[in-house]
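Q: the following block contains a protein sequence and its predicted model.
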Amino acid sequence: MKAEILKEEELPENFTKTKKKVLLKGLTLEELQEYFLNEGEPRFRGEQLFNWMYNHLAVDFDEMLNLPKSLRKDLKKKNEIKTLEYVNSETSHESGAKKFIFSLRDGFPETKEKNKIESVIIPEGKRTTLCISTQVGCPLDCKFCATGLMGYKKNLTAGEIFDQYLLAAKDLGKEKLTNIVYMGMGEPLLNFNATVKSLKIFGEELTTGISLKKITISTAGIAPKIKELADTGIKAKLALSLHSCFEDVRSKIMPINKKYSLKENIEAIKYYYKKTGMRITFEYVMLKDINDRDEDVKALIKLSKEISSKINLIPFNSLKHMDPAGLSAKLETTPKHRIEEFAQKLRDNDLTVMVRLTQGKDIAAACGQLAIKN
């Protein structure tokens, strides 16, 4: 006998409710198989639904033609698989980067206003990368990042993380997206469970779009969670938002360093590399007279030689769209010629260095600029 719709307090912790329906988007293959068994259906229905949601990117049960009509009708009555709604998008005239604004299907009860997030498609030659968010806002308050000026609103579910890929892939074409970076709004490792579940979904053989080798998790440095991520057995790429090799400087521009020191994070990424064999990326936003000095070059060379790594140098992008009072005006990007000199000194020491081009700055879609004004 099929189960009745459970009351809120009786729902398994894996399941999320939207109004009177159970949200299935975001459940792993194993959880979907379990769900159908509990509903009195064969286990393989979970594989079928998984394939439709995450591989064929179906947004409605009616699209799932290899499910019996009666089952589709029952699923539609009791369940939901859409987590995000398209609000609008902008395309950069300078680079072709495209920024999406999506609304969540929740909101603040007193205003009925829905939370919103941003995602960005970044074209780079043969690569096209999707930058996705894991939180609404961010609690870390890194001084060079606009998302922190929003404050923290909430964590995204695994379904909301995945649906950014679904909606972007439907817009651009699934075959054209080659990479994903968890580098949008929020700190992925402070939304650990949902981040890991979304990675497991991408990592299943039934999900044929993007392999884990093409996915990068960017973290400001949550040392215990870096180790925990390594222990899951998931082999995604890891990028550490480094930005300085000196504890005092890093603490000034990244307050999270006061809780999880650079020393702890270096130990954690070494552990991650040992467990996964995945080369580490150091992200380094270039800030004039703060982290672009000769001593910074020497320290970065020393650190990078301790672990298999590559370095991404990123020009600082203005936060004026979120900071009209000019509180961030004391931060300036390092001049272009100095960035090139900095990069060359690293390369002269046999290090792999990329100087990232600023993409989407004209639509506030560049690195560090993602934030919802309202």
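A: Received, thanks.
Q: all the helices of this structure, residue numbers only.
A: With DSSP state H, the ranges of helices along the chain come out as 29-38, 44-50, 69-78, 147-150, 158-172, 192-203, 223-231, 247-253, 262-276, 294-304, 336-347.
Q: what would the ones you listed look like in JSON lines with distance to residue 132 and mean pLDDT?
A: All C-beta spots, glycine's among them, are computed from the backbone N, C-alpha and C. Shown next, in JSON lines, are the helices of the chain (distance: least, C-beta to C-beta, whole Å; pLDDT from 0 to 100):
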{"stretch": "helix 29-38", "distance to residue 132": "21", "mean pLDDT": "97"}
{"stretch": "helix 44-50", "distance to residue 132": "20", "mean pLDDT": "97"}
{"stretch": "helix 69-78", "distance to residue 132": "27", "mean pLDDT": "96"}
{"stretch": "helix 147-150", "distance to residue 132": "13", "mean pLDDT": "82"}
{"stretch": "helix 158-172", "distance to residue 132": "4", "mean pLDDT": "96"}
{"stretch": "helix 192-203", "distance to residue 132": "9", "mean pLDDT": "97"}
{"stretch": "helix 223-231", "distance to residue 132": "17", "mean pLDDT": "98"}
{"stretch": "helix 247-253", "distance to residue 132": "24", "mean pLDDT": "96"}
{"stretch": "helix 262-276", "distance to residue 132": "20", "mean pLDDT": "98"}
{"stretch": "helix 294-304", "distance to residue 132": "27", "mean pLDDT": "97"}
{"stretch": "helix 336-347", "distance to residue 132": "27", "mean pLDDT": "96"}
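Q: can you list those in JSON lines and add distance to residue 240?
A: Formatted as JSON lines, these follow (distance: least, C-beta to C-beta, whole Å):
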{"stretch": "helix 29-38", "distance to residue 240": "30"}
{"stretch": "helix 44-50", "distance to residue 240": "32"}
{"stretch": "helix 69-78", "distance to residue 240": "42"}
{"stretch": "helix 147-150", "distance to residue 240": "17"}
{"stretch": "helix 158-172", "distance to residue 240": "20"}
{"stretch": "helix 192-203", "distance to residue 240": "15"}
{"stretch": "helix 223-231", "distance to residue 240": "8"}
{"stretch": "helix 247-253", "distance to residue 240": "11"}
{"stretch": "helix 262-276", "distance to residue 240": "6"}
{"stretch": "helix 294-304", "distance to residue 240": "10"}
{"stretch": "helix 336-347", "distance to residue 240": "16"}
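Q: in a markdown table: these, plus mean neighbour count and distance to residue 138.
A: Compiled in a markdown table, the helices of the chain are given as follows (neighbours: other C-beta atoms under 10 Å; distance: least, C-beta to C-beta, whole Å):
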| stretch | mean neighbour count | distance to residue 138 |
| --- | --- | --- |
| helix 29-38 | 17 | 28 |
| helix 44-50 | 20 | 30 |
| helix 69-78 | 14 | 35 |
| helix 147-150 | 23 | 4 |
| helix 158-172 | 23 | 15 |
| helix 192-203 | 21 | 14 |
| helix 223-231 | 18 | 15 |
| helix 247-253 | 16 | 14 |
| helix 262-276 | 18 | 18 |
| helix 294-304 | 16 | 25 |
| helix 336-347 | 15 | 25 |
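Q: do you know which of those lies nearest residue 57?
A: Nearest to residue 57 among those is helix 158-172; the distance by C-beta to C-beta comes to 4.9 Å.
Q: for the closest one, name the packing helices and strands.
A: In terms of contacts (3 or more C-beta pairs under 8 Å, 6 or more residues apart in numbering; DSSP states H and E), helix 158-172 is packed against strand 84-91, strand 98-104, strand 116-124, strand 127-132, helix 192-203.
Q: which residues touch it?
A: Here helix 158-172 makes contact (C-beta atoms under 8 Å, 6 or more residues apart in numbering) with 16, 23, 25-27, 54, 57, 59, 81-84, 86, 89, 98, 100, 102, 104, 117, 119, 121, 128, 130, 132-134, 177, 180, 182, 184, 193-195, 197-198, 201-202, 209-210.
Q: any of the residues you listed buried? List them.
A: The neighbour-count test (16 or more other C-beta atoms under 10 Å) marks 16, 23, 25-27, 54, 57, 59, 81, 83-84, 89, 98, 100, 102, 104, 117, 119, 121, 128, 130, 132-134, 177, 180, 182, 184, 194-195, 197-198, 201-202, 209-210 as buried among the contacts of helix 158-172.
Q: now for the helices of the chain, which one comes closest to residue 286?
A: When those are compared by C-beta to C-beta, helix 336-347 sits nearest residue 286, at 5.3 Å.
Q: sorry, back to before: turn the helices and strands packed on helix 158-172 into a markdown table, columns for distance to residue 232.
A: Listed next are the helices and strands packed on helix 158-172 as a markdown table, based on distance: least, C-beta to C-beta, whole Å:
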| stretch | distance to residue 232 |
| --- | --- |
| strand 84-91 | 25 |
| strand 98-104 | 26 |
| strand 116-124 | 24 |
| strand 127-132 | 19 |
| helix 192-203 | 6 |
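Q: now the residue nearest to residue 352 when sequence neighbours are not counted, which residues is it bridged with?
A: With C-beta to C-beta, 6 or more residues apart in numbering as the criterion, residue 352 has its nearest non-adjacent residue at 4.0 Å, and that residue is residue 310. Residue 310 forms beta bridges with residue 281, residue 352, as assigned by DSSP bridges.
Q: distance check, residue 310 against residue 28.
A: Distance, residue 310 to residue 28, by C-beta to C-beta, to the nearest Å: 31 Å.
Q: those two: who's more crowded?
A: Comparing residue 310 with residue 28 by other C-beta atoms under 10 Å, the one with more neighbours is residue 28, at 20 against 14.
Q: next up, the contacts around that one.
A: Residue 28 sits next to 197, 200, 201, 204 when contact means C-beta under 8 Å, 6+ apart.
Q: same check on residue 24?
A: 32, 35, 49, 53, 79, 80, 81.
Q: closest to residue 333 out of those?
A: The nearest one, if we look at the contacts of residue 24 relative to residue 333 and count by C-beta to C-beta, is residue 53, at 41.5 Å.
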